[in-house]
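S.K.: Need coordinates for the below:
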Amino acid sequence: MKRILHRTLVAFVFLLTIGTGGTFAQKKTVKKAMVLSDRQFWLQQLDKMVRPVLYNLAKDSLKIVMPKVTSIHIDNKDHRIKVQYVEVLGRVLSGIAPWLELEGGSKEEVALRAQYREWAIQGLKNSLDSNAKDFMNYDIGGQQLVDASYVAYAFVRSPWLWENLGKKHQALIVKSIQTTRRFKPVFSNWLLFSAMNEAFFAKYGYEWDPMRVDYALQQLEQWYVGDGMYTDGTSFAYDYYNSYVIHPYLAAISSVIGKKTNAYNSMFEKIKKRNDRYAIIQERLINSDGTYPATGRSIVYRGAAFHHLADVAWRKALPKQLSPEQVRCALTAVIRKTLESPSTYQNGWLTIGLYGEQPDMGDFYNNQGSPYISSNIFLPLGLPENDPFWANPAAKWSAQKIWSGADFPNDHSVDLR
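M.R.: Presented below is the predicted three-dimensional model:
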């Protein structure tokens, strides 16, 4: 019996030695990889995406370090490079603003947020300092009406960001955004960019133009076509602009202007119901593996295709058909899928593409700053870690339930005119 036990022990030791590639003396300690929570994973991906932008801007070196990459289909390369700096600033800040606004959390998260707050404030100051290398003009061209609105959106989402900028720089940012009033918006979702700038002025007590807001709201009402969706201009396109811009902007503008006047109460009620319906559609678009239909222009905006769903989740305005945890899991799958390709980043900067670098997917207006609108998928990081969105156990989203054979409620269009 002793011999059998001895042989068994020797064999076990031998298998261990073979399995680890050598003798015990040569064996390396293998550390078990830490499994990240969904929130930790989101923070990791936010940090990876945003760090090169805000770190370099805070060091007054963004214009030196940021690649001057444009789409292979670009219309005016020199011009698109000139405007890429305000573009990347607004897109990054609008996405992380709710997280900058949040207080508390784990020691590691608090430290990371403190660092980003410091970079964001210093970076904004550098962008407004005419003597800085990273000084940014807002009057180069019409695209900056778009870009200024994302900067404005960041302040609408984060009063902390505004309050900590200081009076001097507040005045400079207001003046900068006001300069974009000279640009005529394209007759499309661009009307909402003008309206967002005015909503920002209204929120912080500056003189604002009710006509620009009214024109955008009334025109979008004319463009509503049903089932929670709007045309983008005079014709309908099956793309993600209802999510990239239309629904999130309408929700934010409604929230601000609704505190200034009761004139739009009935319209805002309809906007809320349409928000709900489009959120339901968005969640159903996310396949069981995190992929989604790659259709329409600006598809290189990656996770921003679900800007609206992320925004509704952050605002705690999800319709009753969607649980916070199923939306978290669905959005996590999108983040993993859109950022997992080895060619997603080149030298730390986002490439133009949907799944890694795919140059032919770019549009004529895309520059290095454009894909950073994808940071808007991180909006729910503005919810505390004990919120049901983060705290509830993982749950299957609609596509997972349906394609696993589970019974599932049917779906019907809703007019909501």
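
S.K.: How about the one helix or strand residue 327 maps to, which residues are buried there?
M.R.: Using DSSP states H and E, residue 327 sits within helix 324-339. For helix 324-339, burial by neighbour count (16 or more other Cβ atoms under 10 Å) applies to 324-335, 337-339. The way it works is simple: take the backbone N, C-alpha and C, and place the C-beta from them, glycine included.

S.K.: Run through the strands of the stretch 1-150 of the chain in chain order.
M.R.: Counting by DSSP state E, counting those that start in this stretch, the stretch 1-150 of the chain forms no strands at all.

S.K.: that older thread, identify, from the buried residues of helix 324-339, the entry nearest to residue 217.
M.R.: Comparing the buried residues of helix 324-339 against residue 217 with Cβ to Cβ places residue 327 closest, at 27.3 Å.

S.K.: Residue 260 - how many residues pack around it?
M.R.: 14 (other Cβ atoms under 10 Å).

S.K.: got the contact list for the residue nearest to it when sequence neighbours are not counted?
M.R.: Leaving out its chain neighbours, the residue that sits closest to residue 260 by Cβ to Cβ, 6 or more residues apart in numbering is residue 202, at 5.6 Å. Contacts of residue 202 were listed using Cβ atoms under 8 Å, 6 or more residues apart in numbering, and they are 208, 213, 256, 257, 260.

S.K.: any idea of the pLDDT on the last one?
M.R.: Spelled out, it's residue 260. The model reports residue 260 with a pLDDT of 97.

S.K.: secondary structure class for it?
M.R.: Assigned with DSSP: H, G, I helix; E, B strand; the rest coil, residue 260 falls in the coil class.

S.K.: The second one now?
M.R.: Reducing the assignment to helix, strand or coil with three-state DSSP, the entry for residue 213 is helix.

S.K.: isn't it right next to residue 252, touching?
M.R.: No. Contact criterion Cβ atoms under 8 Å: residue 213 and residue 252 do not qualify, at 11.8 Å.

S.K.: so what sits against both of those two?
M.R.: residue 199.

S.K.: So those two - more neighbours on which side?
M.R.: Shown here are residue 213 and residue 252; by other Cβ under 10 Å, residue 213 has more neighbours (26 against 23).

S.K.: Near residue 320, how many other residues are there?
M.R.: Residue 320 has 7 neighbours, counted by other Cβ under 10 Å.

S.K.: Please renumber the chain so that the first residue is 46 from this point on.
M.R.: Done: numbering now begins at 46, and the last item shifts to residue 365.

S.K.: where's it, which helix or strand?
M.R.: Counting by DSSP H and E, residue 365 is part of no helix or strand.

S.K.: Check what pLDDT it gets.
M.R.: pLDDT, residue 365: 97.

S.K.: Over to residue 139?
M.R.: For residue 139, pLDDT reads 98.

S.K.: Please consider this matter closed, and thank you.
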